[in-house]
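**Q** build me a structure from this.
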Amino acid sequence: QVHLVESGGGLVQAGGSLRLSCAASGRTFSSYAMGWFRQAPGKERSFVAGINWSGGTTYLADSVKGRFTISRDNAKNTVYLQMNSLKAEDTAVYYCAAGSMRDSANTYPYWGQGTQVTVSS
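**A** Reported below is the predicted structural model:
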């Protein structure tokens, strides 16, 4: 069982940066692949980034490649999403998820409550 809590969301101007954090409880965090998803109003939840258990393999959605980076610190039970060059279309609720690094939300059994990111143009 993994409990996930996201933080770091907020309001930022276009072109700015934010770093989201996802703190996980449980001693088995380092064994889980992790992912970030986002959901904008009226849209389906979509994959943003995934990372394997060690941090050695990462995947990014095409829409965020070159701007976002996913990383993790297993000693701190935390996964991060560094978001640079933010655009208005990045506005969404961002969710952390555990159990997979694939782009399908159905492969993740554990989810956080989400954190709002709003990018003003």
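**Q** gap between stretch 88-102 and the chain center?
**A** 4 Å (CA atoms, centre = their mean, to the nearest Å).
**Q** check which residues of it are buried.
**A** Under the neighbour-count criterion of 16 or more other CB atoms under 10 Å, stretch 88-102 has 90, 91, 92, 93, 94, 95, 96, 97, 98, 99, 100, 101 buried. C-betas here are computed from N, CA, C, even on glycine.
**Q** just give me the residue right at the centre of this structure.
**A** residue 36 (2.7 Å; CA atoms, centre = their mean).
**Q** quick check: the nearest residue to it once chain neighbours are set aside vs residue 108, distance?
**A** Distances taken as CB to CB, 6 or more residues apart in numbering put residue 48 closest to residue 36, at 4.3 Å, once the chain neighbours are dropped. Applying CB to CB, to the nearest Å, the value for residue 48 to residue 108 is 12 Å.
**Q** list residues touching both of the two?
**A** Counting by CB atoms under 8 Å, 6 or more residues apart in numbering, the shared contacts of residue 48 and residue 108 are residue 35.
**Q** end to end, how far does stretch 4-11 reach?
**A** 22 Å (CA to CA, to the nearest Å).
**Q** and for that stretch, what are the contacting residues?
**A** 18-25, 94-98, 110-120.
**Q** now, those that are in helices?
**A** Secondary structure from DSSP state H places none of the contacts of stretch 4-11 in helices.
**Q** and those, which of them are buried?
**A** Among the contacts of stretch 4-11, the ones that count as buried by 16+ other CB under 10 Å are 18, 20-24, 94-98, 110-112, 114-115, 117, 119.
**Q** check the buried residues of stretch 88-102 and tell me the two furthest apart.
**A** Farthest-apart pair in those is 91 and 99; separation 26.4 Å (CB to CB).
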